[in-house]
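Undergrad: Model the structure of this input:
(2 chains)
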Amino acid sequence: MSEPLLAVDDLVVRFDTPRGTVSAVDGVSLHVARGETLGLVGESGCGKSTLGRAILRLVEPKAGAIRFDGDDLAGRSRAALRSARRGLQMVFQDPAASLDPRWTVGDLIAEPLHIHGVGTRAERKAKVRDLLRQVGLPPEAAERRPHAFSGGQRQRIGIARALALDPKVVVLDEPVSALDVSVQAQILNLLVDLQERLGVAFLFISHDLGVVEHLCDRVAVMYLGRIVESAPREALFRRPAHPYSRLLLDAAPSLDANAPRRTPAPASNELPSPYDPPSGCRFRTRCPHAVERCAVETPKLSDLGAGQHVACHRAGEI
Amino acid sequence: MALLDFGAAVARRRPRAAADGLLVRLLARPSAVVGLALLAIVLVAAAGADRFFPEDPLAMVALPLLPPGEDPAFPLGTDMLGRDIAAGVFHGARVSLLIGVVATLVSLVIGVGIGALAGYYRGALDRALMRVTELFQTIPPFLFALAIVAVLQPSIPTIVGAIGVTSWPSLARLVRAEVLKLRTSEMVEASIALGAGDARIILRHILPNAAGPILVSASILVATAILTESSLAFLGLGDPNVVSWGGMVGAGREVLRTDWYVATLPGVAIVIAVLALNLLGDGLNDALDPRSGRR
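TA: This next block holds a predicted model:
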């Protein structure tokens, strides 16, 4: 494989709070190739959103590298970052909160063009119409304000804005979690459609495995700030290697009532405190297969072949 | 199909310009209408003072202490020195509004500037600016203004400056709180992700979204400035070369029990102006919220 478009290497994000320091992202590495979709899944609180925001430098990483299209973003000053932002955009979870309620939809979608000085006024206007059409909204929508639209339509506006600069990678932070199920499907189909047409790569952050299965080429599973498994979609859904991946897949609702459980019940359902994460393997307090070694030694991601990587000492035996 | 329906729905609901919409929404609120009407009266009085009363309002033009209605030429009567009270009230409106508005502009520039910088950049700058703000807040604003005017000699510029320089701390704290809240909103994060610079984010996203509370505060500040100016004039620290409502109340105080109208009529003018601005502030507060009902 050639040089990936976006490569995150050993990224660390820590938050200093009055209760202590939280390592929300603790040494995460991942990569996204041109035109592919990488799913990032995990429970709420596992640091997946923080990771997405750190890639865009909305939170400052403490250590590690973010290479995007040949540039290192992590080391850049805010001002030097601006040009790189053209190729790297984000869609937020709550479209109601991420669109300025005082702006018209047309101005909102044109804002990235303004910021980066793209085109004349007429060209920007034409681009806005084109973007609205691409996300399935009528051109008249440009004159209205966000609150005149439904949640799904607002998310279309958010997607149109993220695509305005023809980015190479879009980070989608739970883009459909706030929407009704029927609307979710429409937005997901739109994303698939846009990717086919534009060749844009997605980093798709979600806690919903069904959504991830529908959309992603590869999936990375995150637990308490670390990637525990990354694999092509097929491999992950057919034969998950990490006990946590299995737990997640078993927890996902299935239409087949007789679907076999893949793994014994977890030792605990309690997510450990992120202020004081377990030593060694962070999943060991909930893992039905944990042995002594898991408490002492932190497992590294090891290659199982066919693009599947897992961080578990007992991956071969269980 | 659903898309076509939606297009038709959008086409039916014609878009409306923002300024247009604000006035419409403002006029839908009774208290705002009353406030606007009272403010219009004050504005007409200020604008028409020279036309209705071309003579110097400080000139002695008739017998002293003429009660209202006695002589049709002086409908509000005259004061102890035979000056026309109606002329004083009309010309006083001009002085009061001028001082109120300009002092508020001074206050807005300082308060919004300090509040926005402190709230947006946080950290050391925030701490330094807030200590300065607190320093100003420890001194009662009226006494502070009084001291400044007393030292610098009362004149319109010194009174405006004194009121402006002493009235910004509450505004700075309000703006800071609004900016702090908006600073971490997804809306602002989205702009950062798009590559927007700090100035653009503050001026185009944060301050417009904080405009409601700022405008409401500003209208109250104008009212407060008018009151402060009147109080200074009442105490004899008004500009001696211009007529002022507060000065008229102060002068009429001695004859309040025998000739009530000398102090009361300019007092009513103060009440009308201050009430108008407060009602308008309330109305603006409701009308500026894009999520509130009528739209």
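
Undergrad: So is the least confident helix or strand in chain A by mean pLDDT next to chain B?
TA: Counting by mean pLDDT, DSSP states H and E, chain A has its least confident helix or strand at helix A:78-85, which shows a mean of 82. Yes - counting by C-beta under 8 Å from any C-beta of the partner chain, chain B has neighbours in helix A:78-85: A:Ala79, A:Leu81, A:Arg82, A:Ser83, A:Arg85. Bear in mind the C-beta positions are built from the backbone N, C-alpha and C, glycine included.

Undergrad: Around chain B, which positions in the stretch 101-250 of chain A sit nearby?
TA: The stretch 101-250 of chain A comes close to chain B at residues A:101-102, A:104, A:111-112, A:115-116, A:136-138, A:140-141, A:143-145, A:147-148, A:153, A:158, A:161, A:165, as judged by C-beta under 8 Å from any C-beta.

Undergrad: Now, those that are in strands?
TA: Judged by DSSP state E, strands contain none of those.

Undergrad: Which residues does the least confident helix or strand of chain A contact?
TA: A:56-57, A:68-69, A:71, A:73, A:76, A:115-116, B:193-195, B:197 (C-beta atoms under 8 Å, 6 or more residues apart in numbering or on different chains).

Undergrad: likewise stretch A:16-34?
TA: Here stretch A:16-34 makes contact (C-beta under 8 Å, 6+ apart) with A:1-2, A:4-15, A:38, A:40, A:47, A:50-51, A:54, A:61, A:64, A:168-169, A:199, A:201-203, A:220, A:222, A:224-227, A:230, A:274-277, A:301.

Undergrad: With stretch A:176-195 instead?
TA: So stretch A:176-195 is contacted by A:35, A:37, A:93-96, A:134-136, A:150-152, A:155-156, A:159, A:163, A:172, A:175, A:200-202, A:206-208, A:211, A:214-215 (C-beta under 8 Å, 6+ apart).

Undergrad: need the contact list for the most centrally placed residue in chain B.
TA: With the centre of chain B defined as its mean C-alpha position, the nearest residue by C-alpha atoms, centre = their mean is B:Val222, 1.8 Å away. Residues near B:Val222 by C-beta under 8 Å, 6+ apart: B:Gly100, B:Val101, B:Thr104, B:Leu277.

Undergrad: and if you look at A:Arg284?
TA: A:Pro278, A:Ala290, A:Cys294, A:Ala295.

Undergrad: Which secondary structure state is assigned to it?
TA: coil (DSSP: H, G, I helix; E, B strand; the rest coil).

Undergrad: and the lengthiest helix in chain A, which residues are buried?
TA: Secondary structure assigned by DSSP state H gives helix A:181-198 as the longest helix of chain A. Buried residues in helix A:181-198, counted by 16 or more other C-beta atoms under 10 Å in any protein chain shown: A:Val183, A:Gln184, A:Gln186, A:Ile187, A:Leu188, A:Leu190, A:Leu191, A:Leu194, A:Gln195.

Undergrad: can you give me the helices in the stretch 1-150 of chain B?
TA: Secondary structure of the stretch 1-150 of chain B (DSSP state H, counting those that start in this stretch): helices at B:2-12, B:18-27, B:30-52, B:85-121, B:123-138, B:141-152.

Undergrad: most neighbours per residue, which of the ones you listed?
TA: Highest mean neighbour count among the helices of the stretch 1-150 of chain B (mean count of other C-beta atoms under 10 Å in any protein chain shown): helix B:85-121, with a mean of 22.

Undergrad: same for it, what does it pack against?
TA: helix B:30-52, helix B:123-138, helix B:156-183, helix B:211-234, helix B:245-252, helix B:261-287 (3 or more C-beta pairs under 8 Å, 6 or more residues apart in numbering or on different chains; DSSP states H and E).

Undergrad: Which is the succeeding secondary structure element to the third one?
TA: Looking back up the chat, that one is helix B:156-183. Per DSSP states H and E, helix B:156-183 leads on to helix B:186-194 as the next helix or strand towards the C-terminus.

Undergrad: Could you check the helix or strand following that next one against chain A for contacts?
TA: Using DSSP H and E, the helix or strand that follows helix B:186-194 in sequence is helix B:198-200. Yes - for helix B:198-200 and chain A, the contact criterion (C-beta under 8 Å from any C-beta) is met by B:Arg200.

Undergrad: so how far is helix B:198-200 off the chain centroid?
TA: How far helix B:198-200 lies from its chain's middle: 28 Å, per C-alpha atoms, centre = their mean, to the nearest Å.

Undergrad: Please apply the same query to stretch A:57-66.
TA: Chain-centre distance of stretch A:57-66: 15 Å, with C-alpha atoms, centre = their mean.

Undergrad: Just the element for A:Gly27, please.
TA: Residue-wise, A:Gly27 maps onto strand A:20-32 under DSSP H and E.

Undergrad: gap between that strand and the chain center?
TA: Its chain's C-alpha centre and that of strand A:20-32 lie 13 Å apart, by C-alpha atoms, centre = their mean.

Undergrad: who does that strand pair up with?
TA: Using DSSP bridges, strand A:20-32 pairs in its sheet with strand A:6-17 (antiparallel).

Undergrad: what about the nearest residue to B:Ala190 once chain neighbours are set aside, neighbour count?
TA: Distances taken as C-beta to C-beta, 6 or more residues apart in numbering or on different chains put A:Ser98 closest to B:Ala190, at 4.4 Å, once the chain neighbours are dropped. Using other C-beta atoms under 10 Å in any protein chain shown, A:Ser98 has 26 other residues around it.

Undergrad: what does B:Arg253 give?
TA: For B:Arg253, using other C-beta under 10 Å, the count is 11.

Undergrad: Quick one: buried ones out of the contacts of stretch A:16-34?
TA: Neighbour counting by 16+ other C-beta under 10 Å classes A:4-9, A:11-14, A:38, A:40, A:47, A:50-51, A:54, A:61, A:64, A:168-169, A:201-203, A:220, A:222, A:224-227, A:230, A:274, A:277, A:301 among the contacts of stretch A:16-34 as buried.

Undergrad: ok, now which ones touch the closest residue to B:Thr228 other than its chain neighbours?
TA: Leaving aside its chain neighbours, B:Thr228 sits nearest to B:Ile163 (5.3 Å; criterion: C-beta to C-beta, 6+ apart). Contact analysis of B:Ile163 by C-beta under 8 Å, 6+ apart lists B:Ile99, B:Ala103, B:Val106, B:Ser107, B:Ala145, B:Ala225, B:Thr228, B:Glu229.

Undergrad: at 7 Å what do you get?
TA: Counting by C-beta atoms under 7 Å, 6 or more residues apart in numbering or on different chains, B:Ile163 makes contact with B:Ile99, B:Ala103, B:Ala145, B:Ala225, B:Thr228, B:Glu229.

Undergrad: likewise B:His205?
TA: A:Asp100, B:Met187, B:Val188, B:Ser191 are the contacts of B:His205 under C-beta under 7 Å, 6+ apart.

Undergrad: Pick out the most distant pair among those.
TA: A:Asp100 and B:Val188 (8.8 Å; C-beta to C-beta).

Undergrad: contact partners of stretch A:87-102?
TA: For stretch A:87-102, the external contacting residues (C-beta under 7 Å, 6+ apart) are A:56, A:68-69, A:108, A:145-147, A:151, A:154-155, A:157-159, A:162, A:165, A:167-175, A:177-178, B:185-187, B:190, B:193, B:205, B:208-209, B:290-291.

Undergrad: for that stretch, what is the average pLDDT?
TA: For stretch A:87-102, mean pLDDT is 92.

Undergrad: what's the answer for stretch B:287-295, then?
TA: On average, the pLDDT along stretch B:287-295 is 59.

Undergrad: repeat for stretch B:25-33
TA: Here the average pLDDT along stretch B:25-33 is 89.

Undergrad: neighbouring contacts of it?
TA: Residues external to stretch B:25-33 that are found in contact with it (C-beta under 7 Å, 6+ apart): B:Leu279, B:Leu280, B:Asp282, B:Gly283, B:Leu284, B:Asp286, B:Ala287, B:Arg294.

Undergrad: And those, which of them are buried?
TA: Listed as buried from the contacts of stretch B:25-33 are B:Leu279, B:Leu280, B:Asp282, B:Gly283, B:Leu284, B:Asp286, B:Ala287; burial here means 16+ other C-beta under 10 Å.
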